[in-house]
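**Student:** Only the shape, not the letters, is given here:
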Ligand code: FAD
Ligand code: NAD
């Protein structure tokens, strides 16, 4: 590794936050050094997060579609999973995308250092590459983008390869006969669905009363109904109290919050997916004035500056929501700040998508948040049973929902459950960013037959003028 002595901007961590920041800064004319332990940029999202999981979820979707085809007269027999080929397909996609990012680093003339960075003081780092002695690097501005790590449950940690975190689960080394998933959040439900489709008998344990605690219940219901047919069991209000490694599996003790004792069960593997924590260990932050909060997130201001104004932080390490698109947007803002632009990170709405089948997506204010805030809102829903497109897909269980300001019909939030929800939610994000109201959405011609028409019809339903459902007419503003 040839390390330059100094750099105008150093970006620490090349995930979707870090590489977006480095690319933007280089495009703005800064001299940029990007540091990451991997050979190419990508971070958690590309190597062990968004991309491998979505590849496997697509495969799971195809398996389920093949089974559903029988109802429409399409008999193709049972699906045989070639695990190694599926693994290769997934790894090939990751390689293609991360290799492409490596090329973009070169095209932009960014210095890429494969290694780990550690602050020695507030103007200097030391970079340790594979097999190298630490090399010093001085900087004018630094952007910390070191991401996050899976949270473990210390009391349940057994040193056993059958106890998985999401990284282990994504390797697809085996398809266990019986899999326990601890945590009914994003990862638990996405990867639990994958293994269920691949043939595992999956049990999900969630400590709160319901799956996906952050989402509105009416959006979660269609998923819950479908999962009932795919999972062995969904145990809500339940926690795992002990895991014991045995020759024939992992013996797991469970406890219902309400008190009843659940007999211990044996599983071939256990996936723990109970959240992620910011990654700052080993960064040498104590050699700077950078401050972390009680959850370990680096504290930043609206420009993403830390307590050291020339050191910025973005992405998972700088706070919730821990989502790739939030990290990238923040990264691009931080790059502009590093270039001296007077900008702030101030998104009106950040979309969230759970890529299960059906997908669940929401953006802006949710109905539950409005209720918790005591804020009056109008809720309008369009059931997908009335959508021609949903029926042609054999999927009538979805719902499109708008959360609207009753004073001026401004769109405050959008929620979707159904196939393709993750694509459609971007229209909701645009509506909120642009301050659109329900009339804007209703008067926009949407192509037919598409699922996107449900957004237009949910908007029309506010005035009682939706074409494909009846709601009592109301005065239009
Ligand atoms: P990261 O992607 O975590 O990248 C940080 C990088 O910094 C890593 O490469 C790390 O090795 C490096 N690093 C750490 N310390 C140092 C150091 N000292 N020196 C140099 N480099 C260092 N989000 C979505 O929006 N959509 C999804 O579909 C989605 N799916 C996911 C599925 C899974 C299984 C998981 C685990 C996460 C998923 N996420 C998803 C979340 C998403 O991956 C993260 O929000 C995103 O990767 C955060 O980007 P980041 O740039 O902040 O950090
Ligand atoms: P999560 O916060 O989404 O879900 C964790 C779940 O585990 C919660 O429902 C929580 O109540 C439950 N839980 C916590 N402790 C428990 C215990 N002891 N026993 C049983 N249940 C317990 O976290 P995750 O699924 O690990 O994902 C981490 C983060 O990664 C997400 O919050 C998200 O930011 C990101 N992610 C995003 C996507 C996506 O955008 N599609 C996909 C995967 C991950």
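**Tutor:** Looks like it came in fine. Everything numeric here is computed off the predicted structure, so don't read it as measured data. Ligands and ions are numbered 1, 2, ... in the order given.

**Student:** tell me the contacts of the residue positioned nearest the centre of the chain?
**Tutor:** In the chain, the residue lying closest to the centroid (Cα atoms, centre = their mean) is residue 323, at 4.7 Å. Going by Cβ atoms under 8 Å, 6 or more residues apart in numbering, residue 323 touches 350, 352. (Glycine included, C-beta is placed from N, CA and C.)

**Student:** For it, give me phi and psi.
**Tutor:** phi -130, psi 150 (degrees, to the nearest 10).

**Student:** Name whatever forms a beta bridge with the nearest residue to residue 249 once chain neighbours are set aside.
**Tutor:** Once flanking residues are discounted, residue 249 sits nearest to residue 266: 4.3 Å by Cβ to Cβ, 6 or more residues apart in numbering. Note on residue 266: beta-bridge partners by DSSP bridges are residue 251.

**Student:** do the one 4 residues further on as well
**Tutor:** Beta-bridge pairing of residue 270, defined through DSSP bridges, involves residue 163, residue 180.

**Student:** what's around it, how many residues?
**Tutor:** 24 (other Cβ atoms under 10 Å).

**Student:** In the stretch 101-250 of the chain, what residue lies closest to ligand 1?
**Tutor:** Nearest residue of the stretch 101-250 of the chain to ligand 1, counting by Cβ to the nearest ligand atom: residue 147, 1.9 Å away.

**Student:** quick one, what contacts that residue?
**Tutor:** Contacts of residue 147 by Cβ under 8 Å, 6+ apart are 13, 15, 17, 43, 44, 278, 279, 315, 316, 317, 327.

**Student:** Residue 347 too?
**Tutor:** So residue 347 contacts 326, 329, 433 (Cβ under 8 Å, 6+ apart).

**Student:** Isn't the last one up against residue 349?
**Tutor:** Yes - counting by Cβ atoms under 8 Å, residue 433 does reach residue 349; the two are 6.5 Å apart.

**Student:** More neighbours: those two, which one.
**Tutor:** Higher neighbour count among residue 433 and residue 349: residue 349, with 20 against 13, using other Cβ under 10 Å.

**Student:** Surely residue 99 is in a helix?
**Tutor:** Yes - under DSSP: H, G, I helix; E, B strand; the rest coil, residue 99 falls within a helix.

**Student:** Would you mind listing what in this protein touches ligand 2?
**Tutor:** Counting by Cβ under 6 Å from any ligand atom, the residues of the chain close to ligand 2 are 153, 182-188, 190, 205-208, 213, 239-240, 273-276, 321-323, 353-355.

**Student:** Now, of these, which are buried?
**Tutor:** 182-188, 190, 205-207, 239-240, 273-274, 276, 322-323, 353-355 (16 or more other Cβ atoms under 10 Å).

**Student:** on that earlier part again, what is the burial count for the residue nearest to residue 249?
**Tutor:** Neighbourhood size, residue 266 [other Cβ under 10 Å]: 13.

**Student:** Also residue 51?
**Tutor:** Counted with other Cβ under 10 Å, residues neighbouring residue 51 total 21.

**Student:** so what's it up against?
**Tutor:** Contact analysis of residue 51 by Cβ under 8 Å, 6+ apart lists 45, 93, 94, 97.

**Student:** By neighbour count, which of those residues wins?
**Tutor:** residue 45 leads these on contacts (other Cβ under 10 Å) with 24 neighbours.

**Student:** What does that residue show for phi and psi?
**Tutor:** Given degrees, to the nearest 10, the pair of backbone angles that residue 45 has is phi -60, psi -50.

**Student:** For it, give its distance to ligand 1.
**Tutor:** 3 Å (Cβ to the nearest ligand atom, to the nearest Å).

**Student:** Quick check: that residue touching residue 18?
**Tutor:** No - counting by Cβ under 8 Å, residue 45 does not reach residue 18; the two are 10.5 Å apart.

**Student:** Can you pull the residues of the stretch 351-477 of the chain lying near ligand 1?
**Tutor:** Counting by Cβ under 6 Å from any ligand atom, the stretch 351-477 of the chain sits next to ligand 1 at residue 355.

**Student:** quick one, helices of the stretch 351-477 of the chain?
**Tutor:** Ranges of helices within the stretch 351-477 of the chain are 367-373, 388-392, 421-433, 438-443, 453-461, based on DSSP state H, counting those that start in this stretch.

**Student:** Determine which stretch of those helices is the most buried.
**Tutor:** Per-stretch averages of neighbours, counted by mean count of other Cβ atoms under 10 Å, single out helix 453-461 among the helices of the stretch 351-477 of the chain, with a mean of 25.

**Student:** Please state the offset of that one from the chain centre?
**Tutor:** In terms of Cα atoms, centre = their mean, to the nearest Å, the centre of helix 453-461 is set 27 Å apart from its chain centre.

**Student:** What spatial separation is found between the residue in the chain positioned nearest to ligand 2 and residue 200?
**Tutor:** In the chain, the residue that lies nearest ligand 2 is residue 185 (1.8 Å; Cβ to the nearest ligand atom). Separation of residue 185 from residue 200 (Cβ to Cβ, to the nearest Å): 19 Å.

**Student:** quick check, nearest of the contacts of residue 51 to ligand 1?
**Tutor:** Of the contacts of residue 51, the one sitting nearest to ligand 1 (Cβ to the nearest ligand atom) turns out to be residue 45, at 3.5 Å.

**Student:** so what's the closest one scoring on pLDDT?
**Tutor:** Residue 45 is assigned a predicted lDDT (pLDDT) of 98.

**Student:** Repeat that for residue 1.
**Tutor:** On the pLDDT scale, residue 1 gets 59.

**Student:** What's the local residue count around the nearest residue to residue 256 once chain neighbours are set aside?
**Tutor:** Leaving aside its sequence neighbours, residue 256 sits nearest to residue 238 (Cβ to Cβ, 6+ apart; 5.1 Å). Neighbourhood size, residue 238 [other Cβ under 10 Å]: 23.

**Student:** My read is that residue 238 contacts residue 258, right?
**Tutor:** No - using Cβ under 8 Å, residue 238 is not in contact with residue 258, being 9.1 Å away.

**Student:** Dihedrals phi and psi, the closest residue to residue 171 other than its chain neighbours?
**Tutor:** Once flanking residues are discounted, residue 171 sits nearest to residue 87: 7.7 Å by Cβ to Cβ, 6+ apart. Dihedral angles of residue 87 (phi, psi; degrees, to the nearest 10) stand at phi -60, psi -50.

**Student:** Ligand 1 versus residue 87, what's the distance?
**Tutor:** 16 Å.

**Student:** same check, this time on residue 260
**Tutor:** Counting by Cβ to the nearest ligand atom, the separation of residue 260 from ligand 1 is 32 Å.

**Student:** With residue 367 instead?
**Tutor:** 22 Å.

**Student:** ditto for residue 98
**Tutor:** 10 Å.

**Student:** Now the closest residue to residue 6 other than its chain neighbours: which helix or strand?
**Tutor:** Excluding its sequence neighbours, the residue lying closest to residue 6 (Cβ to Cβ, 6+ apart) is residue 138, at 3.9 Å. Using DSSP states H and E, residue 138 falls within strand 135-144.
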